[in-house]
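**Q** the amino acid sequence is not available; the structure is as follows:
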């Protein structure tokens, strides 16, 4: 599905959508998730910090929260933040400069399905709540695989549909009737916060996405459930040949 359901490519529409909502994105995320999104990102960063990667690419870096947190927790790391939206990157750059940590973060406005980055170089690729917005997820995963060195890891954090029946019903009601209204009032974009929850319903389930990682060459694929399955952290490793 596409945000605005026009004839344009999904890539163009996703870029426009995030450019539109960039000034409100952080505020809306924290409100709609009751700040749980902060805890999820903290858990993701903790897992990555334990590995201590040196060269990291944060795909769909958005307003930079994961990249900034990684830079703080692994000060020896060199991080490249990639995003399709110029306006989201402007917000990220403002945060980086305000916090004085720009020495080990570099931001690039690029399509994650066609990266300019070198092959077989990076220790870690991360992407948080962005892969379901890809036009071609297989192509994106292929690019992640290409830029990772042998033994390098991919960490994907993405929303999913809870399996518990009661929790699933409550979650779907909130996503369909409450989330879009709040998002529209704050962002003034009457499509973005209808598309975003609907895109979650259409996204792969836990076992399906784990299988997709395996089909794209990744080994040791695992999934960590977050908050009763509202989201998952998926991990895959590029095998050593």
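**A** In hand now; what should we look at? Predicted model, so just to flag it, every value in this text is computed and none were measured. Residues are numbered from 1 along each chain as shown.
**Q** quick one, what contacts residue 147?
**A** 57, 115, 117, 118, 119, 120, 121, 122, 125 (Cβ atoms under 8 Å, 6 or more residues apart in numbering). All C-beta spots, glycine's among them, are computed from the backbone N, C-alpha and C.
**Q** paired strands for the top strand by length along the chain, with orientation please.
**A** Counting residues, the longest strand found in the chain (DSSP state E) is strand 148-159. Each strand paired with strand 148-159, and its direction, by DSSP bridges: strand 122-128 (parallel), strand 231-237 (antiparallel).
**Q** so what pLDDT did the most centrally placed residue in the chain get?
**A** Nearest to the mean C-alpha position of the chain, by Cα atoms, centre = their mean, lies residue 128 at 2.2 Å. As predicted, residue 128 sits at a pLDDT of 97.
**Q** with the one 10 residues further on instead?
**A** With respect to pLDDT, residue 138 scores 98.
**Q** swap in residue 170?
**A** pLDDT, residue 170: 80.
**Q** mind listing the helices for the chain?
**A** Taking DSSP state H as the criterion, the chain contains helices spanning 10-21, 25-32, 36-51, 65-73, 86-99, 137-147, 165-173, 179-187, 192-202, 206-215.
**Q** the last one: which residues count as buried?
**A** Neighbour counts using 16 or more other Cβ atoms under 10 Å place 206, 209, 210, 212, 213 of helix 206-215 among the buried residues.
**Q** next, the angle from the worst-scoring helix or strand of the chain on mean pLDDT to helix 192-202.
**A** When the helices and strands of the chain are compared on mean pLDDT, DSSP states H and E, helix 165-173 comes out lowest with a mean of 77. Put simply, helix 165-173 runs at 150 degrees to helix 192-202, going by axes from the mean of the first three to the mean of the last three Cα atoms, to 10 degrees.
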